[in-house]
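> can't give you the sequence, but here's the structure:
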């Protein structure tokens, strides 16, 4: 039990339904949907649509989406809603255009957004309410306005230069050249009209109608290779989740092109490590850092769209690989390998919902960087992500850009099953950090006995991509970071808090739902 005299928040408990998101309005939308008879999938889609309005830098309909979901007794199902590169996009073609690197603000960083197709497909196949009903709260927020919350304002203010680059972005997201401050009211009338049209006409409004035409027109005006055909054939797919046993449970992730397999590899490396004493002891943190470095090195050598790269997931998690990497954990320090070409990104929203019937949904939607590419299709108000920045321009690399190929993705929903039943949809936002974040949170819960909120509240660190440095939050107990420095680690303060997390856990013995939301964000868990 937490010390009620100390700052913090209690875990949220309820019996009928629960939602946890990074924004209070989104959590409220989800609960409203559940209370009026919608199921967990309905609630997750409605909450995500709302977040595309009230957290416009973190997510949007111009981004991508992944989901894991299960009825009370399973099985776990997955959906990959990540978009593909244009048919004309090749490393050779970009080289002929003088492109030596895919810049965040380049039209070549924009893959065809997959979010709307994912929402429409999941709503049709697994929801119980019409999509147009699920979009109504988001439409109202976009049209009537919403209050900008503190963490959203903090992140928004750091992107003013990006938003000034694009006339549409500046007009919609800046007030006289400045980001809205916390407590101000923001509106997106163009986005409201677009969501309304999608609600009435379905996903084809986005991929085959005026919305697609406007996006293609804007991207081609900037030198992009996109065509209406690229949008017309866009389609996500159901995928078979991958899993790893850990402490009497099965942890599920979406398969590549996402990095969920990296989270599973870290857990496999930690499986033989005993949990002793303080979860923030230097000994434990060093093991977690070394395991992450080894797993991420594997990611950057091998992870790509399996349709193109021929990646074998079973080999990635094979005993041969896991045992070889475990042997390296015995050394004082594992050398970071293969992370020198990664792109920093931190911005995503994650949603966990469990309904009265114990359907559980783990749902994630992202623009990649905060405000993505910064490119807006002016007529529709659609802000476009920059997920294509993850592609390599080396034609020999497994993740090399290619026609209609999906880039390596960092956004990963998670699901925990126990004895054949749903135990917990969970997710940890934060770009590269997400895979380590999944392993960190689960280890703190299942190795050290912390509850959801306690696990989320702990300070975090992460071996920074592209260097030997470790980014660490300032809230570690005195002496912990000094001891890691004494052991030879280069410790640096984080430029912003590491990620954010949400989860809902089912206690089948009592029938009670336990929910938690990360204090690094504005959101909360709500139940009824």
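It's in. Quantities reported herein were computed from a predicted structural model and do not represent experimental measurements. Residues are numbered from 1 along each chain as shown.

> buried ones in the helix or strand of the chain with the lowest mean pLDDT?
Lowest by mean pLDDT, DSSP states H and E among the helices and strands of the chain is helix 313-316, with a mean of 79. Across helix 313-316, burial judged by 16 or more other C-beta atoms under 10 Å covers 313, 316. Placement of C-beta: from N, CA and C, glycine included.

> could you chop the protein up by domain?
Taking automatic domain parsing as the domain assignment, the ranges for the chain are 49-237+370-390, 239-342+412-499+518-527.

> worst mean pLDDT among the ones you listed?
Lowest mean pLDDT of these: domain 239-342+412-499+518-527, a mean of 88.

> off-centre distance for it?
Here domain 239-342+412-499+518-527 is found 14 Å from its chain centre; the criterion is C-alpha atoms, centre = their mean, to the nearest Å.

> then stretch 380-400?
Counting by C-alpha atoms, centre = their mean, stretch 380-400 is centred 16 Å from the centre of its parent chain.

> equivalent analysis for stretch 21-31, please.
That offset, for stretch 21-31, works out to 17 Å (C-alpha atoms, centre = their mean).

> same deal with stretch 66-77?
Stretch 66-77 sits 18 Å away from the centroid of its parent chain (C-alpha atoms, centre = their mean).

> who's in contact with it?
With C-beta atoms under 8 Å, 6 or more residues apart in numbering as the test, stretch 66-77 has contacts from 40-41, 44, 78-82, 118, 122, 126, 238, 241, 243, 252-254, 258, 357-364, 409, 411-415, 417, 420-422, 425.

> which of those residues count as buried?
Members of the contacts of stretch 66-77 classed as buried by 16+ other C-beta under 10 Å are 40-41, 44, 78-82, 118, 122, 126, 241, 243, 252-254, 258, 358-364, 409, 411-415, 417, 422, 425.

> now, those that are in strands?
Among the buried ones among the contacts of stretch 66-77, the ones falling in strands (DSSP state E) are 78-81, 243, 252-253, 360-364, 414-415, 417, 422, 425.

> ok, residue 476 to residue 491 distance?
9 Å (C-beta to C-beta, to the nearest Å).

> give the residues shared as contacts by the two.
residue 461.

> who's more crowded, these two?
Shown here are residue 476 and residue 491; by other C-beta atoms under 10 Å, residue 476 has more neighbours (19 against 15).

> tell me who's in contact with residue 323.
Not one residue lies near residue 323 by C-beta under 8 Å, 6+ apart.

> who's in contact with the residue nearest to the spatial centre of the chain?
Nearest residue to the geometric centre of the chain (C-alpha atoms, centre = their mean): residue 411, 3.5 Å. Listed by C-beta under 8 Å, 6+ apart, the contact partners of residue 411 are 64, 66, 258, 348, 364, 365, 366, 429, 434.

> contacts only, for the last one.
Taking C-beta under 8 Å, 6+ apart, we find residue 434 in contact with 259, 263, 348, 410, 411, 412, 427, 428, 499.

> after the helix ranked longest in the chain, next one along is what?
Once the chain is assigned using DSSP state H, the helix that runs over the most residues is helix 282-302. Once the chain leaves helix 282-302, the next helix or strand it forms, by DSSP states H and E, is helix 306-309.

> could I get the buried residue list for that next one?
Under 16+ other C-beta under 10 Å, the buried positions of helix 306-309 are 306, 308, 309.

> same check, this time on stretch 501-518
Neighbour counts using 16+ other C-beta under 10 Å place 501, 502, 503, 504, 505, 506, 513, 514, 515, 516, 517, 518 of stretch 501-518 among the buried residues.

> cool, stretch 205-220 as well?
Neighbour-count burial for stretch 205-220 flags 205, 206, 207, 208, 209, 211, 212, 214, 215, 216, 218, 219 (criterion: 16+ other C-beta under 10 Å).

> partner strands of the helix or strand hosting residue 504, parallel or antiparallel?
Assessed by DSSP H and E, residue 504 sits inside strand 500-507. As defined by DSSP bridges, the strand partners of strand 500-507 come to strand 421-429 (antiparallel), strand 512-517 (antiparallel).

> just the angle between the longest one and strand 414-418, please?
Right, the one you point to is strand 421-429. 160 degrees (axes from the mean of the first three to the mean of the last three C-alpha atoms, to 10 degrees).

> following element in sequence after strand 421-429, please.
Next in sequence after strand 421-429, counting helices and strands by DSSP H and E, comes helix 433-446.

> over to the shortest one?
On the C-terminal side of strand 512-517, the nearest following helix or strand under DSSP H and E is strand 524-527.

> pLDDT on stretch 1-15, on average?
Stretch 1-15 shows a mean pLDDT of 87.

> hmm, I was thinking of stretch 33-46
On average, stretch 33-46 scores 98.

> other residues contacting it?
Outside stretch 33-46, the residues that touch it by C-beta under 8 Å, 6+ apart are 16-17, 19, 29-31, 47, 67, 69, 119, 122-123, 126-129, 131, 134-135, 137-138, 351, 353-357, 359-361, 363, 528.

> got the buried residues for that stretch?
By 16+ other C-beta under 10 Å, the buried positions in stretch 33-46 come out as 33, 34, 38, 39, 40, 41, 42, 43, 44, 45, 46.

> now stretch 458-470
Under the neighbour-count criterion of 16+ other C-beta under 10 Å, stretch 458-470 has 458, 459, 460, 461, 462, 463, 464, 465, 470 buried.

> which elements pack onto the host helix or strand of the last one?
Think residue 470. Using DSSP H and E, residue 470 sits within strand 469-472. With contacts defined as 3 or more C-beta pairs under 8 Å, 6 or more residues apart in numbering; DSSP states H and E, strand 469-472 has these neighbours: strand 461-463, helix 480-486, strand 490-493.

> using JSON lines, lay out the strands paired with strand 500-507 together with distance to residue 482.
JSON lines is the format used below for the strands paired with strand 500-507 (distance: least, C-beta to C-beta, whole Å):
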{"stretch": "strand 421-429", "distance to residue 482": "26"}
{"stretch": "strand 512-517", "distance to residue 482": "30"}
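
> out of those, which is closest to residue 396?
strand 421-429 (32.0 Å; C-beta to C-beta).

> correct me if wrong, but residue 269 is in a helix.
Yes: assessed with DSSP: H, G, I helix; E, B strand; the rest coil, residue 269 lies in a helix.

> verify the stated contact: it with residue 295.
Yes: counting by C-beta atoms under 8 Å, residue 269 does reach residue 295; the two are 6.7 Å apart.

> follow-up on the earlier one: show me what the least confident helix or strand of the chain packs onto, helices and strands only.
Helix 313-316 packs on helix 260-270, going by 3+ C-beta pairs under 8 Å, 6+ apart.

> now do the helix it packs on: everything it contacts.
242-244, 246, 251, 253-255, 287-288, 291-292, 294-296, 298-299, 303, 313, 316-317, 321-322, 325-326, 329, 412, 414, 434-436, 438-439, 442-443, 447.
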